[in-house]
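Peer 1: What follows is a predicted protein model with its sequence.
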Amino acid sequence: MAEIVLDKVTKRYPDGALAVSEVDIEIADGEFIILVGPSGCGKSTTLNMIAGLEDITSGELRIGGKRMNEQAPKDRDIAMVFQSYALYPHMTVRENMAFPLRLAKVDNATVEKKVTEAAKILDLTQHLDRKPSNLSGGQRQRVAMGRAIVRNPKAFLMDEPLSNLDAKLRVQMRTSVSRLQKQLGTTTIYVTHDQTEAMTLGDRVVVMRGGVVQQVGAPQALYDHPANLFVAGFIGSPSMNFVPGTIENDTLRTVLGDVPLTGRIAGLLAKANAPREVIMGVRPEHFEDAHLLDEPTRDRGVVFEGQVDVLESMGADKYAYFSLHGEQAASEELAELAADAGSAEVTASGIELVTRLSAASSVAEGATAKIWFDNDKVQVFDPSDGRNLTYAGR
Amino acid sequence: MAVIAGTDSTGRKIRWTLLDIVVVVYALVPVLWILSLSFKTPETLNDGNFIPRAWTLENYRLIFQTPEFVRALANSIGIALIATAIAVVLGTMAAYAIARLDFPGKRVLVGVSLLIAMFPQVALVSPLFEIERSLGLFNTWPGLILPYITFSLPLAIYTLSAFFREIPWELEKAAKMDGATPGQAFRRVIAPLAAPGVFTTAILVFIFCWNDFLFAISLTSTEASRTVPAALSFFTGASQFEDPTGTISAAAVVITIPIIVFVLFFQRRIVAGLTSGAVKG
């Protein structure tokens, strides 16, 4: 077990493509850290550089205080779980899990003990003599984990270990991964493109985009205080609503109406030198059916009227979708997020708005609804560079 | 509908079965004919009967009493096995490099090996003869083993690199992460998975070496290194008026047996789907 430090780690391929640019992360001993981002953001490359499967172009990687750039993977004492599991098909489960120990020339009795132990933790005891081809997806995944934990490495690296499982099993395995990590207390670096996994698993989350770290922080901190449009749009499901707006004195004029800026927000905007044209972001849960609120609360926020496009009742709450006339919020970050979600072609003209209302709401599909939102919970972004103008910093 | 579809597929089955029978008969008749000739006595040799009227093992007894044949058989087995072993080991290493690594000159190497395979061997016989004579390799085992390796390596490299490409690269990464050196990763993970490819290649190379006549007849002069295909052409009858057809047929049958044994032995190891279960997807 050891802390892992990435100091301005950069990867540039021979053809000149910059995959990872000056990544600075300090991972504490025993920490569970998540690298998250859309495909091609450099998260897997970063992981492979830590593993030693790819060379580091510049910068330094230190594990337990020692420089590791030039060490072969086998000398770094870290274990890795691959997305495809990469089990050795000609070996039984037992042999698969024992393989790292055999290579380390551990004596037979210890190998047997450790494999039995790991199999017990992962509930694989009755499958030890089977070959990987006879196992289910979840079992294979557990064998891959077992191969990683048998030799008590300094750190675990996991490259989207759950993405090949079906949805139900994924949720189940997510909790077991979390439990296992707590139980073993081993430093873990986990790569995923799924923001739900990132939010639920990690002590801290690193959001990456185009090889550059966007923000590092606890999941809740990223959710509440995203540093820029990209993080705001990536973290959270359904994602944050973005509406273009214009600041006039202490009012933000948007298609949802004029939003009076609270003192807190106005202060932050002044400090950040906000431009006139901005993008306003509101999370779906900060909306509510205006009829359900008492007078004082309603007056504190902003109320707008719109026709409900689609209504999804989830039982505990309702998701109401609106399409509003007007220009979509436009920025590079948002375009990339849309492309990653595959919705770039689907989106019609106009603004799509997702609101989460309480189950008691009586809004109906096709009908006009009065919707309220909290004007102190809005976030304001600069469309030119995407930074969060209401970001209070750390 | 179902009935019509049924008769249709039955009709198709019959057509295919007939076609298969024609192909098999066409391919096997000459072989059976040789077999039949090898059991005939000299008197009934030319009677035109497919099934011998008088059976005899005389031909087999005769060839095994001929020292030239026994010696040639030993030469054949030795030379083919050694050439196969060396070609497969070298081919495995070369194919692995070609499948996995990006190195300068890779395309040239692949191109040149293809060129060797395409080059008409008969054009090389005279130069090889001269070279081997001046190097003292003429009429020795290495004198045949070396050209066999040269001409079977391209085949070996091609077959094996196709097999190596099928093995998921992640297995090697996993082995590295598990603490294996590149050598260990190759020996303990990659090579066992490439086994079907290695055996396939071994069979092909062995057959090539075993059947070669051109080099065997040109680069040997005595029974010290003459292989069976060459030795067969030197068979004579008991007198110059006697036809050695019977003994040649018996010898031809005998030299087919090692190939069948070799193929059957290795074929059991060629199992498809050895890599299944390695990676999901």
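Peer 2: Alright, I've got the coordinates. Please read all numbers here as calculations on a predicted model, not as lab measurements. Numbering: from 1, shown residues only, chains lettered A, B, ... in the order given.

Peer 1: Can you tell me, leaving aside adjacent residues, what's nearest to the spatially most central residue of chain B?
Peer 2: The centroid of chain B falls nearest to residue B:207 when counting by CA atoms, centre = their mean (1.2 Å). Excluding the flanking residues, the one nearest residue B:207 by CB to CB, 6 or more residues apart in numbering or on different chains is residue B:259, at 6.1 Å. In short, each C-beta sits where N, CA and C put it, glycine included.

Peer 1: list the buried ones in the helix or strand where the one you found lies?
Peer 2: Per DSSP states H and E, residue B:259 falls inside helix B:245-267. Buried positions in helix B:245-267, judged by neighbour count with 16 or more other CB atoms under 10 Å in any protein chain shown: B:245-255, B:258, B:262, B:266.

Peer 1: same question, stretch A:185-196
Peer 2: So for stretch A:185-196, counting by 16+ other CB under 10 Å, buried means A:186, A:187, A:188, A:189, A:190, A:191, A:192, A:193, A:194, A:195.

Peer 1: Run the contact check for that stretch versus chain B.
Peer 2: No. Against chain B, stretch A:185-196 shows no contacts by CB under 8 Å from any CB of the partner chain, the least distance being 13.0 Å.

Peer 1: Export only the CA atoms of that stretch, formatted as CSV.
Peer 2: Presented in CSV, the C-alpha positions along stretch A:185-196 are these (Å, rounded to 0.1, in the frame of the first residue of the first chain):
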residue,chain,number,x,y,z
GLY,A,185,-7.9,-0.7,2.3
THR,A,186,-5.8,-0.8,-0.8
THR,A,187,-5.2,2.3,-2.9
THR,A,188,-7.5,2.0,-6.0
ILE,A,189,-7.6,3.8,-9.2
TYR,A,190,-10.8,3.1,-11.1
VAL,A,191,-11.5,4.2,-14.7
THR,A,192,-15.0,4.5,-15.9
HIS,A,193,-17.1,6.5,-18.4
ASP,A,194,-20.2,6.1,-16.3
GLN,A,195,-20.8,9.1,-14.0
THR,A,196,-23.1,7.0,-11.8
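
Peer 1: Distance from it to the middle of the chain?
Peer 2: 9 Å (CA atoms, centre = their mean, to the nearest Å).

Peer 1: likewise stretch A:205-215?
Peer 2: The answer for stretch A:205-215 is 10 Å, by CA atoms, centre = their mean.

Peer 1: and that stretch, what's its mean pLDDT?
Peer 2: Stretch A:205-215 shows a mean pLDDT of 94.

Peer 1: Identify the spatial nearest neighbour of residue A:173, chain neighbours not counted.
Peer 2: Leaving aside its sequence neighbours, residue A:173 sits nearest to residue A:162 (CB to CB, 6+ apart; 5.3 Å).

Peer 1: check which helix or strand covers residue B:128.
Peer 2: helix B:122-135.

Peer 1: residues near the one residue in the stretch 1-150 of chain B that gets nearest to chain A, how many?
Peer 2: Closest contact between the stretch 1-150 of chain B and chain A, by CB to the nearest CB, is at residue B:102 (9.7 Å). Look at residue B:102: counted by other CB atoms under 10 Å in any protein chain shown, it has 8 neighbours.
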